[in-house]
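> what follows is a predicted protein model with its sequence.
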Amino acid sequence: MVSEAQSLAVNANGLTDAEIEGLLYMREEEKLAHDVYVTLYELWGLQLFNNIADSELSHTNAVKALLDTYGIDDPATGAEVGVFTNPMLQSLYDELVAAGAKSLADALKVGAAIEEIDILDLQQNLTGMTNTDLRQVYENLLKGSENHLRAFTSTFARQTGETYAPQYLSQAVYNAILSESVQNNAPMQGNGGRGRRP
């Protein structure tokens with residue numbers, strides 16, 4: 001992790017250390033979502049996983065475009081499905097795939113958990129961010145994650161007859177995300193704390 005002093009220093013490319021660290025992490029975190037969903041689609045054949053995997057591919061490519069724009073080495077270059085530079089994300093991938101392999105209901109819970117973690121990390125990265133390029137991409141990713149969370153939780157309810165309980169977001173934040181979809185007529189597509197590690 002970067003220190004507070006380092007996080008405020010601006011590099012030659014115009015980004016702070018914290019912004020660079022956030023981009024590198026987000027690139028692999030979005031890849032993790034894609035890779036888990038591809039794997040769960042192969043296991044369960046539920047089209048939702050394939051659809052959201054395609055969306056996550058566009059997410060991770062949007063972050064890659066920022067890395068390219070700012071001349072930052074891509075940590076995911078040439079990486080196969082399920083392979084990560086960040087050891088924490090590697091471990092998380094392995095855990096999530098194992099959990100999602102237990103049942104379709106568990107797989108849907110894994111999908112929702114990933115989106116909850118993404119939402120928390122994106123919100124954290126957006127706090128105090130002034131770079132307009134990064135802000136625009138992160139805000140779009142946040143909307144996408146909220147849509148994906150709604151998709152996973154509504155599908156979970158249909159498949160199981162149970163109500164999904166948020167695993168990382170507070171109940172209040174989760175409820176707000178669900179109600180937002182109704183207010184905005186968005187398609188129905190998700191316990192407090194930082195998202196980076198469950």
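Cool, got the structure.

> the residue nearest the centre of the chain is in what secondary structure piece?
Taking C-alpha atoms, centre = their mean, the centroid of the chain lies closest to D118, which sits 3.2 Å from it. Applying DSSP states H and E as the criterion places D118 in helix 104-126.

> compute the inter-axis angle for the helix or strand following that helix and helix 104-126.
Using DSSP H and E, the helix or strand that follows helix 104-126 in sequence is helix 132-160. On the basis of axes from the mean of the first three to the mean of the last three C-alpha atoms, to 10 degrees, helix 132-160 is oriented at 160 degrees to helix 104-126.

> now do helix 132-160: distance to the chain's middle.
Taking C-alpha atoms, centre = their mean, to the nearest Å, one finds the center of helix 132-160 at 8 Å from the center of the full chain.

> excluding chain neighbours, what is closest to Q123?
Nearest residue to Q123, sequence neighbours excluded (C-beta to C-beta, 6 or more residues apart in numbering): L142, at 7.1 Å. Placement of C-beta: from N, CA and C, glycine included.

> what's the helix holding D118 packed up against?
Using 3 or more C-beta pairs under 8 Å, 6 or more residues apart in numbering; DSSP states H and E as the contact test, the elements touching helix 104-126 are helix 17-44, helix 47-69, helix 87-100, helix 132-160.

> how much space between E21 and T39?
Relative to T39, E21 is positioned 27 Å away (C-beta to C-beta, to the nearest Å).

> more neighbours, those two?
Taking other C-beta atoms under 10 Å, E21 and T39 do not tie; T39 has more neighbours (20 against 16).

> and the pLDDT for the residue nearest to that one when sequence neighbours are not counted?
Excluding the flanking residues, the one nearest T39 by C-beta to C-beta, 6+ apart is V97, at 5.4 Å. In this model, V97 is scored at 99, pLDDT.

> V97 contacts A33, correct?
No: in this structure V97 lies outside contact range of A33 using C-beta atoms under 8 Å: 12.0 Å.

> looking at the two, which has the bigger crowd around it?
Taking other C-beta under 10 Å, V97 and A33 do not tie; A33 has more neighbours (27 against 17).

> distance check, that one against G14.
Distance from A33 to G14, by C-beta to C-beta: 28 Å.

> do you know the pLDDT at the residue lying closest to S55 once chain neighbours are set aside?
In this structure, S55 finds its nearest non-sequential neighbour in G144, 6.1 Å apart by C-beta to C-beta, 6+ apart. On pLDDT, G144 comes in at 95.

> what is the burial count for G144?
When neighbours are counted by other C-beta under 10 Å, G144 comes out with 22.

> okay, the residue lying closest to E116 once chain neighbours are set aside: pLDDT?
In space, and not counting its chain neighbours, E116 is closest to Y168: 4.1 Å by C-beta to C-beta, 6+ apart. What the model reports as pLDDT for Y168 is 98.

> ok, M26 next?
In this model, M26 carries a pLDDT of 97.

> mind listing what K109 touches?
By C-beta atoms under 8 Å, 6 or more residues apart in numbering, K109 lies in contact with A99, G100, F156, Y164, Q167.

> spatially nearest residue to E30 (excluding sequence neighbours)?
Using C-beta to C-beta, 6+ apart and skipping residues adjacent in sequence, the residue nearest E30 is T60, 3.8 Å away.
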